[in-house]
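Undergrad: Fold the following for me, if possible:
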Amino acid sequence: MANNRVFYACQSVQLAGPSGVNAPANTDFTTIQGLQSVGINTNFNLEPIYQMGQLDLYENFEDIPEVEVSLNKVLDGMPTIYSMAMGTGDISAVAENRCSVRLTIHSDTASDAGGAAIAACVIEPAYVQSVSYNFPSDGNFTEDITIVGNNKSWLDLSSAQPSATDIGVGMRPAADNPNSGAGIIRRQMLDLGRSKFPNSGTVAEGATPADASVITNSGGIPTASKIQSVSMSMDLGREEIFSLGSRLPYTRFVNFPVEVTCEIETVAATGDMVGAVESESACANPKALMDKQIKVMLCDGSSFDLGKKCKLQTVNYEGGDTGGGNATATYSYLTYSHFTHFPANDAAAGSNVATAGYEYTSVVSDTDFGKA
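TA: Take a look at the predicted model:
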C-alpha cells in the first residue's frame, strides 16, 4: 500500500565511509543515531546558449547537478556525523575522505523505520562541505552538517528491483537507548575541568604595567563571566577538479586555508573587559591580543580541538537595559586549518568509529541503480 505521507518515524538516514578519494564505492552503511532532520536539495545547473539571428534559446545546456544534504543531529554519546563521514584526526589528515549517504523511506503505518523500505535515495560519492556544533545552556547539544555530491539515485522499492532485502534495509535502524552511560548531551555534560577556553590575560604585548588598567584581558574571557553557550563552525570550501574527457569531477578538494570560528556567549559580570586602545609607536607593531587555546571536552569522551592560535576577532557587549534581562558579552574567535575531532567511544586501531551496538546494511550496487 502506498504511503499517504512521510514523517520522522518512517524515514532513516545512513552513512557509509569514510574512504579515500580514489577508493571504490563503500559497501556498508551505518544508521545515524539521534538524527533530528534531513533535507536534500538538488540544483540542475542550466546555462542558456543563444545564437545569432534568433531570439529564442538555442539550447538550455545542462551542466552536472549539485546535490546538497543537510543533516541535524543531537549529540548523544554516539558517533557524530562528521566522524562517520570524514573519520577522526586533524583536518589535514581527513580532508580527502569521502562517504556515501542513503535515505530510506518506510511505510507510514509502521511505528519505526524497520521492515522493508518502499523507497531509497543514495548520494555517492559525497563530501562534507561544512559543519557546526552548538553547545547551549538551555537545550540539547547539536551538530549541523552539510554534505555535497553530484550523483543522486532514487529507487522505488514498492515494485522495482532490487528488493528491500537486497539492499539490507529490512531491520530496525535505530536504538531506543543508544548510550545509557551518556545519553543526550546537555550543559552539565561539558567537562569544564578538561576543556580549554580563552582565559583573561594580564597586559597586552608591548604594553607597560601602567597601561594594565586600560589594556586588559588580551582577548580572553574574564574569570567572573559565566559561559552561556559555545558554537563552532567550519566551511571546507570544497572545489571541483575536472579533466578533459570526463564529465564529472574526479575530486572535490578542501580549499586550504580553512577558516574555523568559535563564538562564546557569556553573562557579563564586569563588562567584556577587552581593551582596544591604539597609539603611534615608531618601528613597532604593538599587539592588543594574544593567541588563545580552545578545546571543548564532553563527558561522553568526545573532543573538539581548535588549537592554540585562536585570536579574538570581535566582541559584542549588549543587554542589561530597562526592559529587563542581563548584560551579555559575546566573544568571536578565529583560527585557520585547525580542527581535530574525536567522537565518544573512539574505536580501537583500524577503525574510525566504535562499531559495537551499531547495525550494518549493504549498499545497492551501481549496477542495481542503473548507473553502470
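
Undergrad: how distant is the helix or strand where Ala16 lies from the center of its chain?
TA: Secondary structure assigned from DSSP states H and E places Ala16 in strand 11-19. In this view, strand 11-19 has its centroid 14 Å away from the chain centroid, taken as CA atoms, centre = their mean, to the nearest Å.

Undergrad: how about Pro136, what does it touch?
TA: 187, 228-229 (CB atoms under 8 Å, 6 or more residues apart in numbering). The C-beta positions use only the backbone N, C-alpha and C, and glycine is treated the same way.

Undergrad: Got the confidence number for Glu66?
TA: At Glu66, the predicted lDDT confidence score is 95.

Undergrad: same question, the one 10 residues further on
TA: Among the per-residue scores, Asp76 shows a pLDDT of 91.

Undergrad: Could you name the helices and strands sitting against the strand holding Ala16?
TA: Other helices and strands packing on strand 11-19, by 3 or more CB pairs under 8 Å, 6 or more residues apart in numbering; DSSP states H and E, are strand 28-31, strand 35-43, helix 81-86, strand 98-105.

Undergrad: Mind listing what's buried along the longest one?
TA: Put plainly, it is strand 35-43. Within strand 35-43, the residues that qualify as buried by neighbour count (16 or more other CB atoms under 10 Å) are 35, 38, 40.

Undergrad: The residue nearest to the second one when sequence neighbours are not counted: neighbour count?
TA: Across the structure, with CB to CB, 6 or more residues apart in numbering as the measure, the residue nearest Val38 apart from its sequence neighbours is Val13 (5.2 Å). If you count neighbours by other CB atoms under 10 Å, Val13 ends up with 22.

Undergrad: Next, work out how far apart Thr146 and Ala85 are.
TA: Here Thr146 is placed at a distance of 11 Å from Ala85 (CB to CB, to the nearest Å).

Undergrad: out of the two, which sits in the more crowded spot?
TA: Set side by side, Thr146 and Ala85 show unequal neighbour counts under other CB under 10 Å, the larger going to Ala85 at 27 against 19.

Undergrad: Is the more buried one in contact with Ala16, as I believe?
TA: No - taking contact to mean CB atoms under 8 Å, the distance of 9.1 Å between Ala85 and Ala16 leaves them out of contact.

Undergrad: Show me the common contact partners of these two, please.
TA: When contacts are counted by CB under 8 Å, 6+ apart, Ala85 and Ala16 have Cys99 as shared neighbours.

Undergrad: which residues of the chain fall in helices?
TA: Along the chain, the segments classed as helices by DSSP state H run 81-86, 91-94.

Undergrad: got the contact list for the spatially most central residue of the chain?
TA: The central residue of the chain, meaning the one whose C-alpha is nearest the mean C-alpha position (CA atoms, centre = their mean), is Val131 at 2.2 Å. Contact analysis of Val131 by CB under 8 Å, 6+ apart lists 81-82, 143-146, 233-234.

Undergrad: closest to Val315 among those?
TA: Closest to Val315 out of the contacts of Val131 is Ser233 (17.9 Å), distances taken as CB to CB.

Undergrad: Neighbours of the closest one, how many?
TA: Residues near Ser233, counting by other CB under 10 Å, number 16.

Undergrad: can you give me the strands for the stretch 51-200 of the chain?
TA: All strands of the stretch 51-200 of the chain, identified by DSSP state E, counting those that start in this stretch, fall at 54-62, 66-74, 89-90, 98-105, 119-136, 142-149, 152-156.

Undergrad: From the contacts of Pro136, pick the one nearest Glu62.
TA: Distance to Glu62, by CB to CB, is smallest for Ser229 among the contacts of Pro136, at 43.8 Å.

Undergrad: Look up how far Ala329 lies from the residue nearest to Gly271 when sequence neighbours are not counted.
TA: The shortest distance from Gly271 to any residue other than its chain neighbours is 6.2 Å, reached at Tyr317 (CB to CB, 6+ apart). In this structure, Tyr317 and Ala329 are separated by 5 Å, where distance is defined by CB to CB.

Undergrad: about what we covered before: report the contact partners of the residue lying closest to the residue nearest to the centre of the chain once chain neighbours are set aside.
TA: Take Val131 and drop its neighbours on the chain: the residue closest to it by CB to CB, 6+ apart is Ile145, 4.7 Å away. The neighbours of Ile145, taking CB under 8 Å, 6+ apart as the test, are 70-71, 73, 81-82, 85, 128, 130-132.

Undergrad: 7 Å instead?
TA: Contact partners of Ile145, counting by CB atoms under 7 Å, 6 or more residues apart in numbering, are 71, 81-82, 128, 131.

Undergrad: Whichever of these end up buried, select them in ChimeraX.
TA: One line in ChimeraX is enough to select the buried members of the contacts of Ile145, burial here meaning 16+ other CB under 10 Å:
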select :71,81,82,128,131
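
Undergrad: Out of the contacts of Ile145, which comes closest to Gly245?
TA: Taking CB to CB as the measure, Gly245 lies nearest Val128 of the contacts of Ile145, at 27.8 Å.

Undergrad: related to what we said a few turns ago, among the helices of the chain, show me which one is buried the most.
TA: helix 81-86 (a mean of 26; mean count of other CB atoms under 10 Å).

Undergrad: what does it rub up against?
TA: The contact list for helix 81-86, computed with CB under 7 Å, 6+ apart, reads 15, 17-18, 30, 32, 71, 73, 94, 97, 99, 128, 131, 143, 145, 147, 341, 343, 352-353.
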